[in-house]
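**Q** no sequence on hand, only this structure:
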């Protein structure tokens, strides 16, 4: 009887597609779930050559957030536009996109067993899609992507069913640490989590039920042999303006790093909205395409500038009167008497690296991306920036006042640079690349709610996803975020090498010029 019903549903759905003129994009189709005892809506996007090629395709299940539905990825996420652009640029191969109705399920089975959404997804929806569409029906060619509640679903489904899914891109994962669950207000807890994991009406650690432990990504990842996840490809992205999810996503990344569970983790500009989620589509689709084709991830797609050759840029060493540093002057310096803002670069750069940085600045100045500046380079054996300020103002026409000074530190010199910047109001902004922040200094500075430096000096922290100081950088971001200290925070792909630094430098330079000319 059940086989007859399933066949009938498949036949009706196929007939609907044919009658609709073989649509490549269909919104709010319906199939009936016997497990849930209700209809489940879904939208589907098919490759352009679907009705011509006879090929089979990988499938991405796109999961929506709380309060949204099966149309949200199309209307607000603009997923078809992102997909079409990627296909046009030959960045990815064709794939089928399925967007199911998620209700308020978080894509799990509720603890009472009254709404077994995950069972429906794995036992009914996936087989149904495989029977109706020409999919490649194996785990290697199935992935998930989701935002917010859908980010939770995009992660939990492959963790609990690696035999069904092999890759996932969770965005802004709506997840909580144990402590966050324990301390959340009762109304929020009961409605959002208690109804799913048990513990409705309870407080404190009583909320950490056995059912929750069994189905929480934190506990699954913590309690399992890391080898269990070796075949799973994971790409997590979060916005640096998140509130609660700042801590939970950072701590999830820290846990996975400490357990040696391979994954990609990124933090970029943005909050909990479609502006941020749409910005992740290029890398997310590229990541899934590489996973489906069993390739190593190709690296993120980042904005690039065409810079002039470093050979045309002059960096001069200054070593007298007890002071030592390197300086690059802007174009037109010698035919002008104007004064200039100063960018201090602190790091052990060799001469070629200094010229490459200065060349980037000159090119950005020519393109009117940033103003003419004095570029000062100091390393571990050179004079400190604070010592140089009087000389630069007197002899190199540097503008006076903290507003016209920005500090950019890289590597082992960074922690000292941060402490110098926090000590007194001397810089309008401070950018820190691949440093090991002194957490005690940051906690001390943020404890003073009237701290003039943190109110007036903008901070920019950038950490490599594979760097050794992932924990300290994550903790620094959490402290600053929870104390409502304005800053920008990035986690980008790479190991923290100079090449990583130079690729990510332009955004920080734009950040500095915005503050100088605010």
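**A** Structure's in. What do you need? Keep in mind the model is a prediction, meaning the values are calculated, not measured.
**Q** so what's the backbone phi/psi at residue 302?
**A** Residue 302 adopts backbone torsions of phi -120, psi 150, taken as degrees, to the nearest 10.
**Q** ok, now residue 323?
**A** The phi/psi pair for residue 323 (degrees, to the nearest 10) is phi -120, psi 140.
**Q** and the nearest residue to it once chain neighbours are set aside, how many neighbours?
**A** Distance criterion CB to CB, 6 or more residues apart in numbering; nearest residue to residue 323, sequence neighbours excluded, is residue 383 at 4.6 Å. Yep, even glycine has a C-beta here, placed from its N, CA and C like the rest. Using other CB atoms under 10 Å, residue 383 has 18 neighbouring residues.
**Q** pretty sure residue 383 sits in a strand.
**A** No. Judged by DSSP: H, G, I helix; E, B strand; the rest coil, residue 383 forms no part of a strand; its state is coil.
**Q** is it in contact with residue 327, as I believe?
**A** No. Residue 383 is beyond contact range of residue 327, at 11.8 Å (criterion: CB atoms under 8 Å).
**Q** for the helix or strand where residue 245 lies, what is the average pLDDT?
**A** Here residue 245 sits within helix 244-259, counting by DSSP states H and E. For helix 244-259, mean pLDDT is 96.
**Q** which non-adjacent residue is nearest residue 57?
**A** residue 96 is the one closest to residue 57 (CB to CB, 6+ apart), at 4.8 Å.
**Q** residue contacts, that neighbour?
**A** Listed by CB atoms under 8 Å, 6 or more residues apart in numbering, the contact set of residue 96 reads 44-47, 50, 57-60, 129, 133, 135.
**Q** now, which of those residues sits nearest residue 303?
**A** Of all the contacts of residue 96, residue 303 sits closest to residue 60, with 25.0 Å by CB to CB.
**Q** and the closest one, helix, strand or coil?
**A** strand.
**Q** so it versus residue 145, what's the distance?
**A** 6 Å (CB to CB, to the nearest Å).
**Q** quick check: neighbours shared by these two?
**A** residue 288.
**Q** any stretches of the chain with poor pLDDT?
**A** Applying pLDDT under 70 to the chain flags the ranges 1-21, 304-311.
**Q** pop the domain breakdown of it in here.
**A** 44-292, 310-516 (automatic domain parsing).
**Q** may I see those organised as JSON lines, with distance to residue 301 added?
**A** Shown next, in JSON lines, are these (distance: least, CB to CB, whole Å):
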{"stretch": "domain 44-292", "distance to residue 301": "5"}
{"stretch": "domain 310-516", "distance to residue 301": "10"}
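**Q** follow-up on the earlier one: now the helix or strand just after the helix holding residue 245 against helix 244-259, angle please.
**A** Next along the chain after helix 244-259, taking DSSP H and E as the criterion, comes strand 264-268. Put simply, strand 264-268 runs at 150 degrees to helix 244-259, going by axes from the mean of the first three to the mean of the last three CA atoms, to 10 degrees.
**Q** what's downstream of strand 264-268, the next helix or strand?
**A** Scanning forward in sequence from strand 264-268 by DSSP H and E, the next helix or strand is helix 274-279.
**Q** what sits closest to residue 105 if chain neighbours are left out?
**A** Residue 105's closest residue in space is residue 117 (CB to CB, 6+ apart), at 3.7 Å.
**Q** please apply the same query to residue 364.
**A** Nearest to residue 364 is residue 370, by CB to CB, 6+ apart, at 4.8 Å.
**Q** sec struct for the one you found, please.
**A** Per three-state DSSP, residue 370 ends up coil.
**Q** that one: neighbour count?
**A** 23.
**Q** and residue 188, by the same measure?
**A** Other residues close to residue 188 by other CB under 10 Å number 11.
**Q** contacts for whatever helix or strand it lives in next, please.
**A** Secondary structure from DSSP H and E places residue 188 in helix 186-189. Under the contact criterion CB under 8 Å, 6+ apart, helix 186-189 has outside partners 181, 199, 201, 203, 207.
**Q** same thing with stretch 47-55?
**A** Contacts with stretch 47-55, where a contact means CB under 8 Å, 6+ apart, come from 22, 24, 57, 87, 94-96, 134.
**Q** then stretch 82-90?
**A** 45, 47-48, 92, 94-95, 97, 278, 281-282, 285-286, 289.
**Q** take the residues you listed and lay them out in JSON lines including secondary structure and neighbour count.
**A** Below are those laid out as JSON lines (DSSP: H, G, I helix; E, B strand; the rest coil; neighbours: other CB atoms under 10 Å):
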{"residue": "45", "secondary structure": "strand", "neighbour count": "23"}
{"residue": "47", "secondary structure": "coil", "neighbour count": "19"}
{"residue": "48", "secondary structure": "coil", "neighbour count": "11"}
{"residue": "92", "secondary structure": "coil", "neighbour count": "20"}
{"residue": "94", "secondary structure": "coil", "neighbour count": "16"}
{"residue": "95", "secondary structure": "coil", "neighbour count": "24"}
{"residue": "97", "secondary structure": "strand", "neighbour count": "22"}
{"residue": "278", "secondary structure": "helix", "neighbour count": "17"}
{"residue": "281", "secondary structure": "helix", "neighbour count": "20"}
{"residue": "282", "secondary structure": "helix", "neighbour count": "18"}
{"residue": "285", "secondary structure": "helix", "neighbour count": "25"}
{"residue": "286", "secondary structure": "helix", "neighbour count": "20"}
{"residue": "289", "secondary structure": "helix", "neighbour count": "22"}
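**Q** and the residues you listed, which is closest to residue 335?
**A** residue 282 (43.4 Å).
**Q** just the strands in the stretch 401-518 of the chain please.
**A** 405-410, 429-433, 458-464, 487-492 (DSSP state E, counting those that start in this stretch).
**Q** so which of the ones you listed gets nearest residue 359?
**A** Nearest of the strands of the stretch 401-518 of the chain (CB to CB): strand 405-410, 15.4 Å.
**Q** between strand 429-433 and the closest one, find me the angle.
**A** Using the same axes, to 10 degrees: strand 405-410 against strand 429-433 is 10 degrees.
**Q** for strand 405-410, the distance to its chain's centre please.
**A** Here strand 405-410 is found 24 Å from its chain centre; the criterion is CA atoms, centre = their mean, to the nearest Å.
**Q** what's in contact with it?
**A** 341-347, 349, 385, 389, 417-418, 420-421, 426-435, 498, 501, 505, 508, 512, 515-516.
**Q** on that earlier part again, on contacts alone, who are the packing partners of the helix holding residue 245?
**A** helix 178-183, helix 217-223, strand 233-239, helix 470-482 (3 or more CB pairs under 8 Å, 6 or more residues apart in numbering; DSSP states H and E).
**Q** pick the most buried one from these.
**A** strand 233-239 (a mean of 25; mean count of other CB atoms under 10 Å).
**Q** so which elements touch that one?
**A** helix 149-160, strand 167-171, helix 244-259, strand 264-268, helix 281-292.
**Q** show me the contact partners of the first one.
**A** Translated: helix 149-160. 61-66, 102, 104-108, 118, 121-122, 144-146, 164-175, 215, 217, 220-221, 229, 232, 234, 236.
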